[in-house]
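Colleague: Structure for the following, please:
(one chain, ligands or ions: 1)
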Amino acid sequence: MSYQCQECAYKGRSFTGGVCPACGSYKVKSGRPIKQTEARKPYRLALSIALWIYLAYALANKLL
Ligand SMILES: [Zn+2]
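Modeller: Prediction:
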């Protein structure tokens, strides 16, 4: 597996300690594309919001 530094684009087989030997940067990524795990499923948030709106309407109908 190859790694590439994101600071200076240095390519190497391995970075000892995860640090680029050329510039000392920690921004070293592996050859494999990193999946964006931070991309959360937006429908879950929308579902929870819809649920809260429904709950609010239900309470309002009950009270009025
Ligand atoms: Zn570098």
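Colleague: Report the next helix or strand after the helix or strand of the chain with the lowest mean pLDDT in sequence order.
Modeller: Among the secondary structure pieces of the chain, namely its helices and strands, strand 28-30 has the lowest mean (mean pLDDT, DSSP states H and E), a mean of 82. Proceeding C-terminally, strand 28-30 gives way to helix 42-63 as the next helix or strand, assigned by DSSP states H and E.
Colleague: tell me the average confidence for that next one?
Modeller: Summarised as a single mean, pLDDT over helix 42-63 is 92.
Colleague: Buried residues in it, which are they?
Modeller: Judged by neighbour count (16 or more other Cβ atoms under 10 Å), helix 42-63 contains no buried residues. C-beta here means a position set from N, CA and C on the backbone, and glycine is covered the same way.
Colleague: close to the ion, is the least confident helix or strand of the chain?
Modeller: No - contact between strand 28-30 and the ion, assessed by Cβ under 5 Å from the ion, is absent, since the two come no nearer than 7.4 Å.
Colleague: Give me the distance between R13 and S30.
Modeller: Summarising the geometry, the distance separating R13 from S30, computed by Cβ to Cβ, to the nearest Å, is 11 Å.
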